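Undergrad: Sequence and predicted structure below; questions after.
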Amino acid sequence: MNREEARQRIGQLTAEINLHNHKYYDLSMPAITDFEFDRLLEELTLLEKEFPDLADPASPTRRVGGEITKEFRQVRHTFPMLSLGNTYSEDEVRDFQARVNKLLGEETEYICELKFDGVAISLIYIDGVLVQAVTRGDGIQGDDVTTNVRTIHSIPLRLKGDTFPSRLEIRGEIILPRKSFENINLKRLAEEEEPFANPRNAASGSLKMQDSKEVARRRLDCYLYYLPGELPFPTHYDCLMAARKWGFNISSYMARCSNIEEIFSFINTMNESRHELPFDIDGIVIKVNSLQQQKELGYTAKSPRWAIAYKFKAERVLTRLLSIDYQVGRTGAVTPVANLQPVLLAGTVVKRASLHNEDIIASLDVRIGDQVYVEKGGEIIPKIVGVDLDQRPPDALTVVFARSCPECGTELLRNEGEVAHYCPNQAGCPPQIKGRLEHFISRKAMNIDSLGEGKIGILYDNKLVTDVADLYDLRSDQLLGLEKVYEAAGDKREKKISFREKTVENIIKGIRQSKETGFEHVLYAIGIRFVGETVARKLAFHFGSIDQIMKATSEELTEAEEIGEKIAGSILEFFKEPKNLEVIRRLKEQGLHFEIREEEKNLKSEKLKGMTFVVSGTFENFSRDEIKKEIEAHGGKNSGSISSKTAFVVAGENMGPEKRKKAASLSVPVISESDFLQMIAD
Ligand code: IVH
């Protein structure tokens, strides 16, 4: 490819990838598969490598990470990053307002904002392009975490419009939404790593990771709230509104207040509804709106005189520790859970709290019968943070950590250097067996949605299934009439599941249909430790069949993309176990796919997998049908009409204006015959 062609193709790919990012992250309507997206990115990455001077500094390739930072460079802040004065009571807020009024000699307007509980960041843009992101550090200098910050999709790499100053500095908070926090911790638990205590720690830990690709997976988010330096606007509010136009994420939870009552009203509303926000806040920040007045008020050595933080009270209660249960997860990890005298905390009745592991119990010196402090801070599950020793009853019992599995009685193990205990009885321990079955039927695995956690429980309790292959031996007559009453998690009402004719029909149908599931999903479903969805797909396409994977040596396994020694070891371990081999043999016998399907083998490529095309008009080198055939040969699909699901419109001569309008209104890219040929070229 010559330089001019490369320039064009880089432009095209950049636009395409940006559009798909927009569809995925902003609209939650992905138009192509991850696999196809990776293809596009890979192509752009290679081109940028070959023609580095043509690479856009705001290229979407910078979002996915890949760069490793061994040590973060220290950078001096142009404007020091100050902190805010904290207040915890209404009186202190009144004092702040009185001080401001006195200094200014008049009443003034305030902006009240959320106090985001994350990690402070300063972003620097030159001519609209993000060039540097620096943490707060000691306020004078911080760490240059630019590579990691570029992976955060809500941070623009290039600003919109042309009204921004040529050098722009903007500050805000990097946060981890609670949902992402939960997902990260679930994954960490599954991989037997210590979970993060709260989203703030997780955000801070993520930002300091060496591998920016891993940061990209963490789904961090960022809200901006302050623009230091001279700006051509009269108020802080105007600055934020301009920043929003330039593409920054500015929270809509904000209030313009001209008296103390309005300030308290915002504080109280947010305090009450803060648990409904998708991320953590720990208070409200109150700022003088006029930039002129901010200047007049100035700064103390540590913080501005024009702003203050009102911190919400830590939500903590005292209650009695009644007993400790031990819960066993799918991987066998055992977690101690405290049973508490029910108590109201942060709007919900708390009956249980996590105690994490043996070391934490020991460091708290908590005993059964103690009055314990329970807190719901950033954490999802409340936790015990301390003991009121003055109230310790004389008969309080020291906690002796469980020696055997509460579910199956097997002696627990704790590996050298690890904090968690686990039950080694994979084959016979009920929650581990049920966990494996639940994983097998889950959406990204065999996707048997006519079964669920409750129904799996019934099948297991009635001894109809103990391993995943048993599912395929089920008959309607065994299922009809089975039922169970249970208390759903987080719901006091009892629920009843009963297997009537229609239910049974759906279950059997769902199981039968799952036999069509592609090999890559089957491989994920059988639950090899560390073989997640992506790894399973890479393995499936690299080796083509389970037989090839089973034959592979450790070296051969690590030759496949994304497979390291830890995963290879786990795969070898899995296939050493006769029980696993037997399950696979039975699943094969039932006709599940253990190799990549024939039609996939015959494809010219999978470049267009997951993409739907609309072909319109007449073409120079091909007939419309030939183009459609090519689309299918590369794994794509054809459709007659443009919708939000359309990935591309391939337009020849005489494409109707209506179609063009429709494509434009849905932001579907319209490409030419030669664009299309480039897309499928090797
Ligand atoms: S303004 C010069 N606004 O709280 C003052 N800070 O305790 C600039 N924070 O370091 C800060 N939400 O990390 C401001 N809406 C908000 C904030 C906020 C969270 C953090 C920030 C700051 C710390 C001060």
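TA: Cool, the structure landed.

Undergrad: Up against the ligand, what does this protein have?
TA: 82-84, 113-116, 120, 173, 225-226, 285, 304, 307, 309 (C-beta under 6 Å from any ligand atom). In this view, the C-beta of every residue, glycine as well, is placed from N, C-alpha and C.

Undergrad: Do a quick rundown of the strands in the stretch 401-550 of the chain.
TA: Secondary structure of the stretch 401-550 of the chain (DSSP state E, counting those that start in this stretch): strands at 413-414, 421-422, 483-487, 494-498.

Undergrad: and if you look at the stretch 551-682 of the chain?
TA: 612-616, 637-638, 646-651, 670-671.

Undergrad: Is it possible to get JSON lines of those that adds mean pLDDT?
TA: Formatted as JSON lines, these follow (pLDDT from 0 to 100):
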{"stretch": "strand 612-616", "mean pLDDT": "91"}
{"stretch": "strand 637-638", "mean pLDDT": "90"}
{"stretch": "strand 646-651", "mean pLDDT": "88"}
{"stretch": "strand 670-671", "mean pLDDT": "84"}
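
Undergrad: To residue 166, which of those strands lies closest?
TA: strand 670-671 (34.3 Å; C-beta to C-beta).

Undergrad: Can you tell me how far the closest residue to residue 405 other than its chain neighbours is from residue 483?
TA: Distances taken as C-beta to C-beta, 6 or more residues apart in numbering place residue 423 nearest to residue 405, at 3.9 Å, with adjacent residues excluded. Distance of residue 423 to residue 483, given as C-beta to C-beta, to the nearest Å: 29 Å.

Undergrad: Do me a favour and get the end-to-end distance for stretch 586-606?
TA: Stretch 586-606 stretches 31 Å from its first residue to its last (C-alpha to C-alpha, to the nearest Å).

Undergrad: tell me how far that stretch is from the chain's mean position?
TA: Relative to the centre of its chain, stretch 586-606 is centred 31 Å away, using C-alpha atoms, centre = their mean, to the nearest Å.

Undergrad: who touches it?
TA: Stretch 586-606 is contacted by residues 35-36, 468-469, 472, 514-520, 522, 526, 540-541, 544-547, 584, 633-635, 680, 682 when judged by C-beta atoms under 8 Å, 6 or more residues apart in numbering.

Undergrad: Can you check what angle separates the longest helix seen in the chain from strand 646-651?
TA: As assigned by DSSP state H, the longest helix anywhere in the chain is helix 3-21. With axes from the mean of the first three to the mean of the last three C-alpha atoms, to 10 degrees applied, the angle from helix 3-21 to strand 646-651 works out at 140 degrees.

Undergrad: List the buried residues of helix 3-21.
TA: Residues of helix 3-21 classed as buried by neighbour count (16 or more other C-beta atoms under 10 Å): 9, 10, 12, 13, 14, 16, 17, 18, 19, 20.

Undergrad: sorry, back to before: kindly reformat the strands of the stretch 401-550 of the chain as a markdown table containing mean pLDDT.
TA: Shown next, in a markdown table, are the strands of the stretch 401-550 of the chain (pLDDT from 0 to 100):
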| stretch | mean pLDDT |
| --- | --- |
| strand 413-414 | 93 |
| strand 421-422 | 92 |
| strand 483-487 | 71 |
| strand 494-498 | 69 |
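
Undergrad: tally of neighbours for residue 74?
TA: The number of residues packed around residue 74, counting by other C-beta atoms under 10 Å, is 13.

Undergrad: which stretches of the stretch 151-300 of the chain have low pLDDT?
TA: Scanning the stretch 151-300 of the chain for pLDDT under 70 picks out the ranges 190-194.

Undergrad: can you map out the strands along it?
TA: With DSSP E, counting those that start in this stretch as the criterion, the stretch 151-300 of the chain has strands spanning 167-175, 221-226, 254-257, 281-288.

Undergrad: Could you look up the SS state of the closest residue to residue 135 other than its chain neighbours?
TA: Distances taken as C-beta to C-beta, 6+ apart put residue 142 closest to residue 135, at 4.1 Å, once the chain neighbours are dropped. Classification of residue 142 by DSSP: H, G, I helix; E, B strand; the rest coil places it in strand.

Undergrad: I'd like to know how far the residue nearest to residue 405 sits from residue 429.
TA: From residue 423 to residue 429 the distance is 5 Å (C-beta to C-beta).

Undergrad: And these two? Which one has more around it.
TA: Taking neighbours as other C-beta under 10 Å, residue 423 and residue 429 compare with residue 423 leading, 27 against 21.

Undergrad: In this model residue 151 seems to touch residue 25, though I could be wrong.
TA: No: with contact defined as C-beta atoms under 8 Å, residue 25 does not reach residue 151; the gap is 11.7 Å.

Undergrad: the more surrounded of these two?
TA: Taking neighbours as other C-beta under 10 Å, residue 25 and residue 151 compare with residue 151 leading, 23 against 13.

Undergrad: And the more buried one, how close does it get to residue 63?
TA: Counting by C-beta to C-beta, the gap from residue 151 to residue 63 is 6 Å.

Undergrad: coming back round to it: overlap in contacts of residue 423 and residue 429?
TA: Common neighbours of residue 423 and residue 429 (C-beta under 8 Å, 6+ apart) are 328, 332, 405, 407, 408, 410.

Undergrad: Turn the residues you listed into a markdown table, columns for pLDDT.
TA: Below are the shared contacts of residue 423 and residue 429 laid out as a markdown table (pLDDT from 0 to 100):
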| residue | pLDDT |
| --- | --- |
| 328 | 92 |
| 332 | 89 |
| 405 | 97 |
| 407 | 94 |
| 408 | 95 |
| 410 | 97 |
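
Undergrad: What ranges in the stretch 301-450 of the chain fall below the confidence cut-off?
TA: Ranges of the stretch 301-450 of the chain meeting pLDDT under 70: 314, 346-348, 377-380.

Undergrad: residue ranges for the helices of it, please.
TA: 358-364, 430-441 (DSSP state H, counting those that start in this stretch).

Undergrad: next one: the first one to chain centre, how far?
TA: A distance of 30 Å separates the centroid of the chain from that of helix 358-364, by C-alpha atoms, centre = their mean.

Undergrad: and it, what does it pack onto?
TA: When contacts are defined as 3 or more C-beta pairs under 8 Å, 6 or more residues apart in numbering; DSSP states H and E, helix 358-364 packs onto strand 383-387.
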